[in-house]
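1. no sequence on this one, just coordinates:
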């Protein structure tokens, strides 16, 4: 009745869209809410309802359009940038997604959620160096945060850039000498770079750390040496490490 009396009454179409949505008629909810949005283009709430409806129907094209309209209407609301960036990502438009998150970064500075998201996007594109750059940027912005050095070290190890990996392990160690996993990571590093004696010494340091539980130590030892290494080529190291664990857990 209200719409018949006033066919340009946007609120009525918006509320009608809400009713259709409540009764599961998404198609009619979209028609009604789009009508409200056409009448009142500057109404933020109509557009927010459209984002929900477009997500429900997997209409990424219209979802991208409405997020861009929301950003133009409310350029300081970060939620709309995240929504746009995530929609681009799900649509496979990775470069566009990176561009959106770059805009967020200019607004709020370097943050973990944005940098880690960009790292994933660059990795998805096969841009390994750019992915590393995002984590380097984080480590420079937050130099006392060990986990960023750990991520960098792991990435460098995967790329066989061992010198750079070691630099980041050393930064972690400088920040916290009691970290229970740093010596395990260093042991892996020395094993991969062909220095079994240093690998053994680092592993022993890790096993002497009471913060690392005995079950984890057993699992690490079991995975670190294969059968030939354990019983033949590295048996001197392996058996000594086993003795170390026995002294800590004689009932095992």
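-> Noted; the coordinates are in hand. All values reported here derive from a predicted model rather than from experimental measurement.
2. Can you report how many residues lie near residue 100?
-> Applying other CB atoms under 10 Å, we find 25 residues neighbouring residue 100. Just so you know, the C-beta spots here come from the backbone N, C-alpha and C atoms, and that holds for glycine as well.
3. Do I have it right that it meets residue 85?
-> Yes. Distance between residue 100 and residue 85: 3.9 Å, which falls inside the contact criterion (CB atoms under 8 Å).
4. Would you point out the helix or strand in this protein whose mean pLDDT is lowest?
-> Of all regular secondary-structure elements in the chain, judged by mean pLDDT, DSSP states H and E, the least confident is helix 2-5 with a mean of 64.
5. isn't residue 16 right up against residue 32?
-> Yes. Counting by CB under 8 Å, a contact exists between residue 16 and residue 32, whose distance comes to 4.4 Å.
6. The two: who's more crowded?
-> Set residue 16 next to residue 32 and count neighbours by other CB under 10 Å: residue 32 wins out with 24 against 19.
7. Which secondary structure state does that one sit in?
-> For residue 32, the secondary structure call by DSSP: H, G, I helix; E, B strand; the rest coil comes out as helix.
8. list the contacts for it?
-> Shown here is residue 32, whose contacts under the criterion CB atoms under 8 Å, 6 or more residues apart in numbering are 13, 14, 16, 17, 20.
9. Residue 196 versus that one, what's the distance?
-> As judged by CB to CB, to the nearest Å, residue 32 and residue 196 stand 71 Å apart.
10. one step back: make TSV from the contacts of residue 32 and add pLDDT to it.
-> TSV is the format used below for the contacts of residue 32 (pLDDT from 0 to 100):
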residue	pLDDT
13	85
14	90
16	87
17	91
20	91
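11. Could I get the full set of helices for the stretch 151-252 of the chain?
-> Taking DSSP state H, counting those that start in this stretch to define them, one finds helices in the stretch 151-252 of the chain at 162-175, 182-192, 196-207, 214-224, 227-228, 235-248.
12. Out of these, which is the most enclosed?
-> Mean neighbour count, computed with mean count of other CB atoms under 10 Å, is highest for helix 182-192 among these, reaching a mean of 21.
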